[in-house]
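Colleague: How does the following fold in three dimensions:
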Amino acid sequence: MVDADQTFVIVGGGLAGAKAAETLREEGFTGRVILICDERDHPYERPPLSKGYLLGKEERDSVFVHEPAWYARNDIELHLGQTVDAIDRAAKTVRFGDDGTVVHYDKLLLVTGAEPRRLDIPGTDLAGVHHLRRLAHAERLKGVLTALGRDNGHIVIAGAGWIGLEVAAAAREYGAEVTVIQSAPTPLHHVLGPELGELFAELHRDHGVRFHFGVRLTEIVGQDGMVLAARTDDGEEHPAHDVLAAIGAAPRVALAEAAGLEIADPAHGGGVVVDQQLRTSDPDIYAAGDVASFHHPLFDTRLRVEHWANALNGGPAAARAMLGREVTYDRVPYFFSDQYDVGMEYSGWAPPGTYDEVVIRGDAGKRHFIAFWLKEGRVLAGMNVNVWDVTDRIQKLIRERVVVDPEALADPGVPLESLAP
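Modeller: Residues are numbered from 1 along each chain as shown. Sure, this is the predicted structure:
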């Protein structure tokens, strides 16, 4: 039973936390809502940091989830630049890390997100080594790319995942020289597999990006605190003025782990274990967004999803569950990317080893197609590239789990909706 005397505390000030606070008020909760953010900026969305904002096509204010006045207007107690360093589950309190303030909660939501993985090699303390996770990182990198483009400078990017490729595209648009170092044989290998990963390699090569596959960075060489080059384990040295570490992100679970909450095996992405209501092993503590690990019934495996849509939808779902509403969180994973003149959307989950066939509908050579990943004739995932307004139909194919005819699936003349009636 929820009443006006209760206090709901949200730890984490990203999209999931801001949308959870918004949902609590929209659902009629009149108690205290405390939102604690470790950044000094108001809650913001992360996709623009490697897309429109980084490219200078979107203004800084456009990244924020709500205007600053929204929080006071909705009676959200917003604590910026504050951290929580302890949860006392028995007393149902959280303790602020800066001044030791203790706050009681009736329900607690952890949306602590993830943090970029660090390169564990010599030279990472040089001034020209960057990460991209926060607004401050994007602001700094935007200035770096502008200068590199002006001076015909060179950036080496460690990692060919979505962040690495989006920054590579932005750097080329600014006019910088780009080399991407990737240990796997293709970009996005662990997400799309080799078939579609190679397509993105071709896209970037067409725009002047150099790839070096099957190797790892071993050292960043510098002088007087500045980057000069990056060395790889095959003995090569790559000229560089700046280096971006884009080798993935790790869930921020230290707070939850110290509180004794169940943590998922790193083999399944780590994260705080939650059930279908996004409830942790403590019935009064919930988790959502990048940090949450949940068993997905469609794919019969535990997933931790770091993408924007998971924060957008997970925060509100957790808020409703905290209010006692019936919640079953089983959304199909979704993300999008924009690189040069290519836009894409991906729905589902089909890393290498989980599928037995890739079906292409359309013209992959012209980068206008839909790719489907199948297992025993059932669609696990679909990616539409420069083809729009098909996400709902792709997700229906995934949800329905019907066996489809690959030839019909590949034929643009056969309506997708006819394959999952």
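Colleague: where does Val144 land in three-state SS?
Modeller: Secondary structure assignment for Val144 (DSSP: H, G, I helix; E, B strand; the rest coil): helix.
Colleague: quick one: the closest residue to it other than its chain neighbours from Ala158, how far?
Modeller: Excluding the flanking residues, the one nearest Val144 by CB to CB, 6 or more residues apart in numbering is Asp242, at 5.4 Å. C-beta coordinates here come from the backbone N, C-alpha and C atoms, glycine included. Distance from Asp242 to Ala158, counting by CB to CB, to the nearest Å: 11 Å.
Colleague: Can you tell me the strand partners of the helix or strand of the chain with the lowest mean pLDDT and which way each runs?
Modeller: Lowest mean confidence among the helices and strands of the chain (mean pLDDT, DSSP states H and E): strand 301-303, at a mean of 91. Strands that pair with strand 301-303, judged by DSSP bridges, come out as strand 292-296 (antiparallel).
Colleague: mind listing what Met383 touches?
Modeller: By CB atoms under 8 Å, 6 or more residues apart in numbering, the residues touching Met383 are 192, 196, 344-347, 370-371.
Colleague: quick one: Arg331 from Leu108, how far?
Modeller: 23 Å.
Colleague: What of Val9?
Modeller: 5 Å.
Colleague: tell me, what's touching those two both at once?
Modeller: Val94.
Colleague: Which parts of the stretch 101-250 of the chain are helices?
Modeller: 135-151, 162-174, 189-206 (DSSP state H, counting those that start in this stretch).
Colleague: so Tyr334 makes contact with Ala309?
Modeller: Yes: taking contacts as CB atoms under 8 Å, Tyr334 lies within contact range of Ala309: 4.3 Å.
Colleague: Low-confidence ranges, the stretch 101-250 of the chain, go.
Modeller: Counting by pLDDT under 70, the stretch 101-250 of the chain shows no low-confidence range.
Colleague: my guess is Lys396 contacts Pro421, does it?
Modeller: No: using CB under 8 Å, Lys396 is not in contact with Pro421, being 9.7 Å away.
Colleague: where exactly do the strands run in the stretch 1-150 of the chain?
Modeller: Remark: strands assigned in the stretch 1-150 of the chain by DSSP state E, counting those that start in this stretch are 7-11, 32-36, 76-79, 84-88, 93-96, 102-104, 107-110, 114-116, 129-130.
Colleague: now swap in the stretch 151-300 of the chain and tell me
Modeller: Secondary structure of the stretch 151-300 of the chain (DSSP E, counting those that start in this stretch): strands at 154-158, 177-182, 210-213, 217-223, 226-232, 237-239, 242-245, 249-251, 272-274, 285-287, 292-296.
Colleague: The ones you listed into a markdown table, with extra columns for distance to Glu67 and mean neighbour count?
Modeller: Formatted as a markdown table, the strands of the stretch 151-300 of the chain follow (distance: least, CB to CB, whole Å; neighbours: other CB atoms under 10 Å):
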| stretch | distance to Glu67 | mean neighbour count |
| --- | --- | --- |
| strand 154-158 | 34 | 26 |
| strand 177-182 | 36 | 24 |
| strand 210-213 | 42 | 17 |
| strand 217-223 | 40 | 18 |
| strand 226-232 | 38 | 20 |
| strand 237-239 | 44 | 15 |
| strand 242-245 | 31 | 26 |
| strand 249-251 | 28 | 19 |
| strand 272-274 | 30 | 27 |
| strand 285-287 | 26 | 28 |
| strand 292-296 | 27 | 22 |
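Colleague: Now render those strands as CSV, adding distance to Lys19.
Modeller: Converted to CSV, the strands of the stretch 151-300 of the chain look like this (distance: least, CB to CB, whole Å):
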stretch, distance to Lys19
strand 154-158, 31
strand 177-182, 33
strand 210-213, 37
strand 217-223, 36
strand 226-232, 38
strand 237-239, 41
strand 242-245, 29
strand 249-251, 19
strand 272-274, 17
strand 285-287, 13
strand 292-296, 14
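Colleague: For His189, which non-adjacent residue is spatially closest?
Modeller: Nearest residue to His189, sequence neighbours excluded (CB to CB, 6+ apart): Gly197, at 5.0 Å.
Colleague: how would you label Ala420: helix, strand or coil?
Modeller: Strictly by three-state DSSP, Ala420 counts as coil.
Colleague: Next up, the contacts around it.
Modeller: Counted by CB under 8 Å, 6+ apart, Ala420 has contacts 393, 396-397, 400, 402, 404.
Colleague: Select only the buried ones of these in PyMOL?
Modeller: In PyMOL, this line selects whichever of these come out buried by 16 or more other CB atoms under 10 Å:
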select buried, resi 393+396+397+404
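Colleague: any idea how far Ala201 is from the nearest residue to Pro194 once chain neighbours are set aside?
Modeller: Nearest residue to Pro194, sequence neighbours excluded (CB to CB, 6+ apart): Thr186, at 5.1 Å. Distance from Thr186 to Ala201, counting by CB to CB: 6 Å.
Colleague: and the closest residue in space to Arg46 that isn't next to it in sequence, how far is that from Leu15?
Modeller: Spatial nearest neighbour of Arg46, chain neighbours left out: Trp308 (6.6 Å); criterion: CB to CB, 6+ apart. Using CB to CB, Trp308 is found at 7 Å from Leu15.
Colleague: Neighbour count: these two, which is higher?
Modeller: Neighbours were counted for Trp308 and for Leu15 using other CB atoms under 10 Å; Leu15 has more, 26 against 19.
Colleague: Hmm, that one is touching Gly289, no?
Modeller: Yes: Leu15 is in contact with Gly289 according to CB under 8 Å; the separation is 7.4 Å.
Colleague: what's the overlap in contacts for the two?
Modeller: Counting by CB under 8 Å, 6+ apart, the common neighbours of Leu15 and Gly289 are 311, 315.
Colleague: Looking at strand pairing, list the partners for Tyr44.
Modeller: Phe64.
Colleague: ok, how many other residues are close to it?
Modeller: 24.
Colleague: okay but it is in contact with Val65, surely?
Modeller: Yes: with contacts counted by CB under 8 Å, Tyr44 reaches Val65, the gap being 6.3 Å.
Colleague: Give the residues shared as contacts by those two.
Modeller: Common neighbours of Tyr44 and Val65, using CB under 8 Å, 6+ apart, are Leu15.
Colleague: Give me the distance between Arg140 and Ala168.
Modeller: Look at Arg140 and Ala168: by CB to CB, they are 17 Å apart.
Colleague: The two: who's more crowded?
Modeller: Ala168 (30 against 14).
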